[in-house]
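1. coords below, sequence missing:
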């Protein structure tokens, strides 16, 4: 219910809510090491209680219009997700992100889901700038930014501590006029 089709392969984008914590935790367990290479969600959700707490925090942030989290289901199984890490309507900015378990990689699911998110943010909510921040070594995430038409703005050197190692983070973005132009070409 309340899902958006991501194509003919049975993929669907839906809100990810606290009542789905068991399914979310099981999904993280299936892909914990793969997801955790670059994404802190895997380390933040180490059991059912912490998984439920994370989804509850996102529910509260969604209610305050400050962030959102969505799951990607493939044939009825949660296999990944996309989110707005931040969502600031007053300033017209948002930061999007993603994660995916290995069994679902390489199908374009995240790219399709991110396009839905950006389109909703720009066309429905009036967001002017959608940002994407990815580890400089995270080739898959950077490829998503490229495929949806974002522009690389630069690299924040050594700015993110992940699993005890300082990471360089690339910053990508798309502005509302650019997004509309990209959509017009499709």
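-> It's in. Computed from a prediction, not measured in an experiment: that's the story for all the values here.

2. And for the residue nearest to residue 150 when sequence neighbours are not counted, the neighbour number?
-> Spatial nearest neighbour of residue 150, excluding adjacent residues (Cβ to Cβ, 6 or more residues apart in numbering): residue 172 at 4.0 Å. Using the backbone N, CA and C atoms, a C-beta is placed for each residue, glycine as well. Here the number of neighbours of residue 172 (other Cβ atoms under 10 Å) works out to 22.

3. Then residue 103?
-> 14.

4. got a list of what it touches?
-> 30, 31, 79 (Cβ atoms under 8 Å, 6 or more residues apart in numbering).

5. what packs against the helix or strand encompassing the second one?
-> What that stands for is residue 31. Under the criterion of DSSP states H and E, residue 31 resides in helix 21-36. Secondary-structure packing of helix 21-36 (3 or more Cβ pairs under 8 Å, 6 or more residues apart in numbering; DSSP states H and E): helix 41-44, helix 48-63, strand 77-88, strand 93-100.

6. Need the distance between the two termini of stretch 157-174.
-> Using Cα to Cα, to the nearest Å, one end of stretch 157-174 lies 21 Å from the other.

7. distance between it and the chain's centre?
-> With Cα atoms, centre = their mean, to the nearest Å as the basis, stretch 157-174 stands 16 Å off its chain's centre.

8. Stretch 126-136: which residues count as buried?
-> 127, 129, 130, 131, 132, 133, 134, 135 (16 or more other Cβ atoms under 10 Å).

9. contacting residues for the second one?
-> This means residue 129. Contacts of residue 129 (Cβ under 8 Å, 6+ apart): 92, 93, 94, 173, 174, 175, 176.

10. before we move on, what about the fourth one?
-> Taking Cβ under 8 Å, 6+ apart as the definition of contact, the neighbours of residue 131 are 93, 94, 95, 96, 171, 172, 173.

11. Kindly state the beta-bridge partners for it.
-> residue 95, residue 173 (DSSP bridges).

12. so how far is stretch 90-104 off the chain centroid?
-> Worked out by Cα atoms, centre = their mean, stretch 90-104 lies 2 Å from the chain centre.

13. Any buried residues in that stretch, and which?
-> For stretch 90-104, by 16+ other Cβ under 10 Å, it's 92, 93, 94, 95, 96, 97, 98, 99, 100, 101, 104.

14. Show me the two of these that sit farthest apart.
-> By the measure Cβ to Cβ, the buried residues of stretch 90-104 have their two most distant members at 92 and 101, which lie 32.7 Å apart.
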